[in-house]
Structure formats: structure tokens, C-alpha cells
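Student: give me a model of this one.
(one chain, ligands or ions: 2)
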Amino acid sequence: MSQAVALPPSPSRGADAASALAAARRVVVKIGSSLLIDAATRRPTRDWLAAVASDLAALKTEGREVIVVSSGSIALGRGRLPNLGARLEDKQAAASVGQSLLMAAWSEALAPHGLIAGQVLLTRDDTERRRRWLNARATIQALLTHGVIPIVNENDTVATEEIRYGDNDRLAARTAQLARADLLILLSDVDGLYTADPRRDPNAAHLPLIETLSTDILAMGGGANADAGVGTGGMATKLAAAQIARSAGCATLIASGQLLSPLSAIRDGARATLIAAPDGPMAAYKQWIAGSLSPAGTLTLDAGAVTALKAGKSLLPAGVTGVSGDFEKGDCVRLTDPDGRSVGVGLAAYAADEAARLRGRRSDEIETLLGYRGASVLIHRDDMVLDDR
Ligand SMILES: Nc1ncnc2c1ncn2[C@@H]1O[C@H](COP(=O)(O)OP(=O)(O)O)[C@@H](O)[C@H]1O
Ligand SMILES: N[C@@H](CCC(=O)OP(=O)(O)O)C(=O)O
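Tutor: Ligands and ions are numbered 1, 2, ... in the order given. Below is the predicted model:
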């Protein structure tokens, strides 16, 4: 995995947009249909896409990991099937045709930089059900480890959440949460949040930094720019996305995508709104594990495993002496010492029946015991919170 640049404290804390980007290690960039697709021709805005690809390549060269959340499949699909109607299934059909065109456009734009695009189609269920969530996270991690740029969109064939209610802003926030990104950049047709919709109110003032998403701030988010033709969300969905990201310890930047190289522009000081997050993504993730999930089972550990966990290691199957409860992969389980005292909690990498088969066994036996090669640990240390920490 690439190593980050020398970093200022954290993009999550209050600063300005340029320093938030300079400090970010893992960045999710959300790009809406109106930026990617020419409303008149319903084709990709190739020059813009080429410039963004070059921006993304620069971020990667600087040592940051980059994930893109890209809309555009419906608009592109409609370009090929102009007679489609406005029903939900027509939109889904458009997305089905347009998604491959969208990926082709991304692959073409990234290729001159030696970068490969990987398609990731998610539904809300995938980001909320922990088993699928762990699977999606592992796939995104594997893509990043191999230097691929994941290009995420909603799986519009099976889900209608975002195309019915808004845009991909919330999907981008959930992706940032899933990937434990520290910065979410929402590229828009406006250079940030104003005290009121700047298209309607000439006195609206730009807000460069939001430390707290108060109800007053949330109320500033109006609907979308109706003149844009493609794109659906508006500022309200961006603020809703920022709220999701913030609770996951990820800061959000709302910035203009209407410049040719919008990410370089942020780095060079272009105006934007930074919504800070108080904790980093790992701290927020651990708080979520410890505070929001009820354990669905228990793993009893031997004394050696307890010592290893306290030294910061992951839990290997070899250190587990007992498995109880009915838990699935990704569920929260309680960890206890040989005397039954709680040691902490963690997210299981295997379901209860599999964990029972792996109990007390070496990691190199997992493939033989289960018939496939899964994780080499029962609970990864990142997915674990110890009581006495
Ligand atoms: N308080 C606000 N500050 C900035 N923009 C606002 C605000 N309230 C509503 N808007 C509108 O939200 C639009 C951006 O949302 P949207 O059209 O969905 O953009 P995109 O397609 O880039 O996601 C702006 O063009 C603006 O008209
Ligand atoms: N999944 C849909 C995204 C829905 C949408 O319109 O999003 P956006 O362009 O961000 O308002 C698509 O690819 O067209």
C-alpha cells in the first residue's frame, strides 16, 4: 500500500480546504452527472474527465489513496436509448446501458496515467448489513492495495434509493464510511455552502468552514439547481452526506467541479466549504463498534490470546477455546478470558459455525477446514475494542 506524504495533524479537524486535502490519506471524490455528462449531447465531457483523471493521478503520486463515486449511468444510457420514459424501471434500464459506457469513459481517461479503474456497484444494504459491508470493504481494500481506482456507483438494477430520492451524495458518504476515508470531496456546480441558495439570494454569504452541523446550518441546504438538466440532489443531500461522513470521522469538502482541474484548484486555494469531523475515521469506527452494536455471541480465549490482544495483535483461531451464540460474519461478538471475564468486543470475520470449526486451529489450516481461503484472523485488531483501553 502506498505511504502517505508527511502529514499535518488531520483533515478531520478545523482548517481550510487546501490543508484538509494536503493532510488526507484516503480520499473519496464524488462526481455528479452534471459534471461528467454534457446535457446537450448526453456524452461524457471528455476534456474535463481527462483533467480530473490527471488530478487523481497527482493525488496518488503524492501517496494518497483515491476512490471515486461517479454518477452518470442514467444520463449516458438515455443518450443511447432516447425513447425511454420517466418510470423508475426506465431509469434503471438507462443505468444498465449507461454503466458500461461510464466505466469505459473512466478507463479511457485514467489509462494515460497508467491507472486502472475498478467498477464497484453498491446498494444501501451492502453498506448497512455488516457481512456484505465487510466483503465490500475487503474488495475496496484489495483494489487500493493494487493501485486501482475504485469507481463506485449505486447498483441501479436492484436498488432505487439514490435515483428515486436524490443523488449519489449519500452513497459517497457511506462509501467514505465503509472505506474509513478521512476526506470526502463533493464536487458540485457551486463552490460550497452559502447562507442561502446563491442562485436565488444575491446576499448569500459563502461559508468556508463548518465545525458543527447545527440545525441552522442544515436548514441552509436548499434543493438542486433546476437549470442544470442532469443531476438531482441539491445542497440538502450534500449536508446529509456530510453528516454521515462526520459521524464516521471523515471531513467533507464541498467544492466547485466546474473548473477544468477541480482538485488541483482546491490544493491551490480555490474557495470551498470544509465540514470538519471531530475524530479521525479509526476512532469513530471503534466508538461505533463499542457503543452501537450488541454482541450476538461470545468467543472464549486462552491466556496467551488475551496477552496477544493486549499487545495489539489480531485474534487468531488458535487462541479461541470456546464459541457460543449464533452470529454471522461481520456481527459483533464479546471476547472473554478463560475465567469468563470480558476482554472486549470485535467484529467476527467468520460466522459462528465456521468459528467453531476453526477454534484452536492454526491459520494455515483454514482453507482445508472450510474449503476456501478466508481471512487468516478471526477478528482483525482494527475491528476490535478492548475493555481496558
Ligand atoms: N445554501 C446553499 N448553498 C449553496 N448552494 C445551494 C444552497 N441551497 C441550494 N443550493 C443549490 O444547490 C445546487 C447544488 O446542488 P446540485 O444541483 O445537486 O449539484 P450537483 O449536481 O453538483 O450535485 C447549487 O447550484 C444551488 O443552486
Ligand atoms: N446512479 C445514478 C446516480 C443518480 C444521480 O443522478 O446522481 P447525481 O448526478 O449525483 O445527481 C447514475 O449513475 O446515473
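
Student: how about the residues of the stretch 1-150 of the chain near ligand 1?
Tutor: Neighbours of ligand 1 within the stretch 1-150 of the chain, by Cβ under 6 Å from any ligand atom: Gly32, Ser34. Bear in mind the C-beta positions are built from the backbone N, C-alpha and C, glycine included.

Student: hmm, try it at 8 Å
Tutor: Neighbours of ligand 1 within the stretch 1-150 of the chain, by Cβ under 8 Å from any ligand atom: Lys30, Gly32, Ser33, Ser34, Leu35.

Student: for the chain, what's the longest helix?
Tutor: In the chain, assigned by DSSP state H, the helix with the most residues is helix 88-110.

Student: elements contacting whichever helix or strand comes after it?
Tutor: Sequence-wise, the next helix or strand downstream of helix 88-110 (DSSP states H and E) is strand 117-122. Other helices and strands packing on strand 117-122, by 3 or more Cβ pairs under 8 Å, 6 or more residues apart in numbering; DSSP states H and E, are helix 88-110, helix 130-145, strand 149-154, helix 169-178.

Student: and strand 117-122, average pLDDT?
Tutor: Mean pLDDT, strand 117-122: 96.

Student: could I get the CA-only coordinates of that strand as CSV?
Tutor: Taking Å, rounded to 0.1, in the frame of the first residue of the first chain, the C-alpha atoms of strand 117-122 are listed here in CSV:
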residue,chain,number,x,y,z
ALA,A,117,-10.5,1.7,-13.0
GLY,A,118,-12.4,-1.0,-10.9
GLN,A,119,-16.2,-1.0,-11.0
VAL,A,120,-17.8,-1.2,-7.6
LEU,A,121,-21.7,-1.2,-7.6
LEU,A,122,-23.2,-0.9,-4.1
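
Student: check the offset of that strand from the chain's centre.
Tutor: Distance of strand 117-122 from its chain centroid, counting by Cα atoms, centre = their mean, to the nearest Å, is 12 Å.

Student: and the contacts of that strand?
Tutor: If you take Cβ atoms under 8 Å, 6 or more residues apart in numbering as the criterion, strand 117-122 is touched by 99, 103, 106-107, 110, 136, 139-140, 143, 148-155, 171, 174-175.

Student: ditto for stretch 369-381
Tutor: For stretch 369-381, using Cβ under 8 Å, 6+ apart, the contacting residues are 299, 309, 312-317, 320, 333, 335, 346-350, 354-355, 357-358, 361, 363, 366-367.
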